[in-house]
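J.: need coordinates for the following:
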Amino acid sequence: MDGAQLWQTLIQAVVQGITEFLPISSDGHLVIVGTLLEKWFGTKATGAETVELIVGLHLGTLVATIVVYWKELWSLLKRRRLLINVIVGSVPLAIVGLLFKDWFEQTLASPLCAGVGLLITALFLFAGQRMELNLLELDQIPILHALGIGCFQALAPLPGVSRSGSTIAGALMIGVTRQAATTFSFLLSVPAVGGAVLLKAIDMVRGTSGGLAIGQLLFGAAISFAVGIVALRFLIRIVSQRKLHWFAYYCLVLGSVVTAWQLWPIGVGTTD
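T.: As a prediction, the model looks like this:
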């Protein structure tokens with residue numbers, strides 16, 4: 001890993017660690033930042049390399065999720081209803097992800113898709129905070145509600161559509177309390193992100209991966225883990241204080257800027 005790769009991986013790992021847990025879409029930010037870094041350093045990653053790095057960075061934040069929520073994850077062995085809800089809520093993403101895997105990977109090379117996705121995330125966050133009912137605790141979520149939250153998560157492979165933002169907002173809209181919505185969202189993230197990491201690991205074993213060095217992937221995962229621990233604890237406090245609109249405005253502004261940048265026909269806005 002040369003100096004340019006080191007800096008690019010470091011920057012993207014920090015971005016992943018911050019944005020994975022904040023409801024502002026880590027994939028969307030990685031697409032945008034990756035595009036800017038390619039212009040800055042004069043490099044161009046292949047689509048497979050981009051996907052591989054993103055999955056590697058998600059491995060770090062997955063471990064961060066497990067560390068923060070290990071008590072809740074361990075308690076699933078005794079909380080049968082919650083365990084069933086996590087399984088049911090994971091089904092929509094598994095189906096959509098397997099059916100449209102190649103198409104989703106292609107969108108990870110498109111800053112325009114990331115910009116539009118951020119606008120969708122802003123809409124979800126505004127709606128979630130406006131329509132929240134705060135009726136159901138974690139162990140009271142009906143199975144159909146869990147499936148509905150899972151349908152929101154099924155949009156998450158699109159860059160710019162925040163997995164945590166869409167699932168938390170969806171849970172709030174169907175009556176789940178803020179703390180329960182946050183916890184359930186990140187319980188869902190473990191099989192979701194774990195499945196993506198597993199699929200990419202299988203590709204690497206088969207020799208069909210993007211070809212990034214293992215050292216680069218592990219370095220990025222370690223940085224995203226460390227930053228992710230801090231970001232996740234911050235998000236838990238923010239949701240409990242009913243301040244999701246902060247992130248909605250952020251996604252609205254950034255999504256508008258990125259979309260305009262990609263659609264503008266001249267100058268820096270032209271796409272490769």
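J.: please enumerate the helices of the stretch 151-272 of the chain.
T.: For the stretch 151-272 of the chain, the helices defined by DSSP state H, counting those that start in this stretch cover 163-173, 178-206, 214-240, 244-263.
J.: winner for burial among those?
T.: helix 163-173 (a mean of 28; mean count of other Cβ atoms under 10 Å). (Each C-beta comes from the backbone N, C-alpha and C, glycine too.)
J.: who wins for proximity to residue 41 among the helices of the stretch 151-272 of the chain?
T.: Closest approach to residue 41 among the helices of the stretch 151-272 of the chain is made by helix 214-240 (14.3 Å; Cβ to Cβ).
J.: quick one on the thing from earlier: tabulate the helices of the stretch 151-272 of the chain (CSV), appending mean pLDDT and distance to residue 72.
T.: As requested, those are exported to CSV (pLDDT from 0 to 100; distance: least, Cβ to Cβ, whole Å):
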stretch, mean pLDDT, distance to residue 72
helix 163-173, 94, 15
helix 178-206, 86, 6
helix 214-240, 84, 12
helix 244-263, 94, 21
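J.: what's the closest of those helices to residue 113?
T.: So among the helices of the stretch 151-272 of the chain, helix 244-263 is nearest, using Cβ to Cβ, at 9.0 Å.
J.: so that closest one versus helix 214-240, what angle?
T.: Following axes from the mean of the first three to the mean of the last three Cα atoms, to 10 degrees, one obtains 130 degrees for the angle between helix 244-263 and helix 214-240.
J.: how far out from the middle of the chain is helix 244-263?
T.: 16 Å (Cα atoms, centre = their mean, to the nearest Å).
J.: which elements pack onto that helix?
T.: Contacts defined by 3 or more Cβ pairs under 8 Å, 6 or more residues apart in numbering; DSSP states H and E place helix 244-263 against helix 111-131, helix 163-173, helix 214-240.
J.: ok so, going back, now the helices of the stretch 151-272 of the chain in CSV, with distance to residue 38?
T.: Formatted as CSV, the helices of the stretch 151-272 of the chain follow (distance: least, Cβ to Cβ, whole Å):
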stretch, distance to residue 38
helix 163-173, 25
helix 178-206, 21
helix 214-240, 16
helix 244-263, 14
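J.: quick one: closest of those helices to residue 88.
T.: Here helix 178-206 is closest among the helices of the stretch 151-272 of the chain (Cβ to Cβ), at 10.1 Å.
J.: so which strand or helix has the nearest residue to residue 195 once chain neighbours are set aside?
T.: Leaving aside its sequence neighbours, residue 195 sits nearest to residue 94 (Cβ to Cβ, 6 or more residues apart in numbering; 6.7 Å). Secondary structure from DSSP states H and E places residue 94 in helix 80-99.
J.: buried set for that helix?
T.: By neighbour count on 16 or more other Cβ atoms under 10 Å, the buried set for helix 80-99 is 82, 85-94, 96-97.
J.: tell me the mean pLDDT for it?
T.: For helix 80-99, the mean per-residue pLDDT is 95.
J.: tell me which other helices or strands that helix touches.
T.: So helix 80-99, by 3+ Cβ pairs under 8 Å, 6+ apart, packs with helix 143-153, helix 178-206.
J.: quick one: the shortest one to helix 163-173, angle?
T.: Pointing back at helix 143-153 there. Using the same axes, to 10 degrees: helix 143-153 against helix 163-173 is 140 degrees.
J.: for helix 143-153, which outside residues touch it?
T.: 84-86, 88-93, 124, 136, 141, 163, 166-167, 169-171, 174-176, 184-185, 188, 192 (Cβ atoms under 8 Å, 6 or more residues apart in numbering).
J.: now with 7 Å?
T.: 84-85, 88-93, 163, 166-167, 170-171, 174, 184, 188, 192 (Cβ atoms under 7 Å, 6 or more residues apart in numbering).
J.: what of stretch 11-31?
T.: Outside stretch 11-31, the residues touching it (Cβ under 7 Å, 6+ apart) are 33-34, 37, 53-54, 57, 60-61, 108, 110-111, 114, 117-118, 121, 125, 159-162, 164-165, 168, 220, 223-224, 226-228, 231-232, 235, 244, 247, 250-251.
J.: next one: stretch 68-87
T.: Under Cβ under 7 Å, 6+ apart, the answer for stretch 68-87 is 66, 138-139, 141, 143, 146, 183, 186-188, 190, 229, 232-233.
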